[in-house]
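> please find the sequence and the predicted model below.
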Amino acid sequence: DDMQPLKGKCVLVTAGPTREGVDPVRYFTNYSSGKMGYAVARAAHAAGAEVILVSGPTSLKPPEGVELVNVISANEMYEQVMNRFDNVDAVIKSAAVADYRPKVINDHKIKKADSEMIVKMVRNPDILAELGSKKQDQILIGFAAESENIDEYAKKKLEKKRLDLIVANNILEDHSGFDSDTNHVTFFFPNGTEKDFELMSKEDVARQLCSSLASMFEKRAKQ
Ligand code: C5P
């Protein structure tokens, strides 16, 4: 079906930041708004897919027709995504997952002192890398938000995480990246092809992404 190229497919999308608590009043997070991931979820739904949106804390309206799973921390996102992986056809990981979390979550509010404070951080699981190592025939799409050496870092992540497509964007560029309504992206594929786009709305980036995803499904069906 031309209008519904993702019909019959189940697509899991992640969006937003994660929040890593350190005591009952404080947490570490990042500037992700969730706009890109929510746009992807809406576009995939419009393209006919069954969509599961695993979202960190955002202030966005839940997209209609999409199963929304709310999570807070990277560990919670990890659990929700892993539990569903066997039953989905594609994962699009637009979430800005925190790489580190405080080693200890204090039960009580940390009191201030005159000295400096050190918070020991430990690594969070790399959800996408683990999906890459476990994938059967799922299509995996990642995002790379970079501030320098965009192409090089994006291509490295594509290979290391065994992705089928990575969407790279420069977070320091005007009208691009975190909280913006527009994005300037390049798609990198494992065979070395690249697609460089003009500055577009996140809705348009999402539509382009779904159309690339649909072509990948089509190619596989012919193999
Ligand atoms: O943080 P990094 O640049 O490696 O992120 C690239 C991709 O990996 C993104 O799609 C992001 O959602 C995913 N990722 C993840 N778990 C992490 C870190 C990143 O799934 N802990």
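Yes, it's here.

> what parts of the chain come near the ligand?
Counting by Cβ under 6 Å from any ligand atom, the chain comes close to the ligand at 74, 93, 95, 97, 99, 124, 126-128, 142-144, 157. Bear in mind the C-beta positions are built from the backbone N, C-alpha and C, glycine included.

> dump those into CSV; add pLDDT, secondary structure and neighbour count as well.
Formatted as CSV, the residues of the chain next to the ligand follow (pLDDT from 0 to 100; DSSP: H, G, I helix; E, B strand; the rest coil; neighbours: other Cβ atoms under 10 Å):
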residue, pLDDT, secondary structure, neighbour count
Ala74, 98, helix, 24
Lys93, 98, strand, 26
Ala95, 98, coil, 26
Val97, 98, coil, 23
Asp99, 97, coil, 14
Asn124, 98, coil, 18
Asp126, 97, coil, 17
Ile127, 98, helix, 26
Leu128, 97, helix, 24
Gly142, 98, strand, 25
Phe143, 97, strand, 27
Ala144, 96, strand, 23
Lys157, 97, helix, 21
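
> ok, now which ones touch the spatially closest residue to Val69 that is not a sequence neighbour?
Computed as Cβ to Cβ, 6 or more residues apart in numbering, the closest residue to Val69 that is not its neighbour in sequence is Val54, at 4.7 Å. Shown in contact with Val54 (Cβ atoms under 8 Å, 6 or more residues apart in numbering): Leu12, Val13, Thr14, Ala15, Val69, Val71, Met77, Gln80, Val81, Arg84, Ala95.

> please apply the same query to Arg123.
Arg123 touches Asp99, Tyr100, counting by Cβ under 8 Å, 6+ apart.

> circling back to that earlier point, C-alpha coordinates for the helix or strand hosting the residue nearest to Val69, PDB please?
Counting by DSSP states H and E, the element that carries Val54 is strand 50-55. Presented in PDB, the C-alpha positions along strand 50-55 are these (Å, rounded to 0.1, in the frame of the first residue of the first chain):
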ATOM      1  CA  GLU A  50       1.800  -0.400  15.100                       C
ATOM      2  CA  VAL A  51       3.900   1.900  17.300                       C
ATOM      3  CA  ILE A  52       5.200   1.600  20.800                       C
ATOM      4  CA  LEU A  53       6.700   4.800  22.200                       C
ATOM      5  CA  VAL A  54       9.000   4.300  25.200                       C
ATOM      6  CA  SER A  55       9.500   7.900  26.500                       C
END
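
> after it, next one along is what?
strand 67-70.

> buried sites along that following strand?
For strand 67-70, the neighbour count (16 or more other Cβ atoms under 10 Å) marks Val69 as buried.

> packing partners for it?
Judged by 3 or more Cβ pairs under 8 Å, 6 or more residues apart in numbering; DSSP states H and E, the packing partners of strand 67-70 are strand 50-55.
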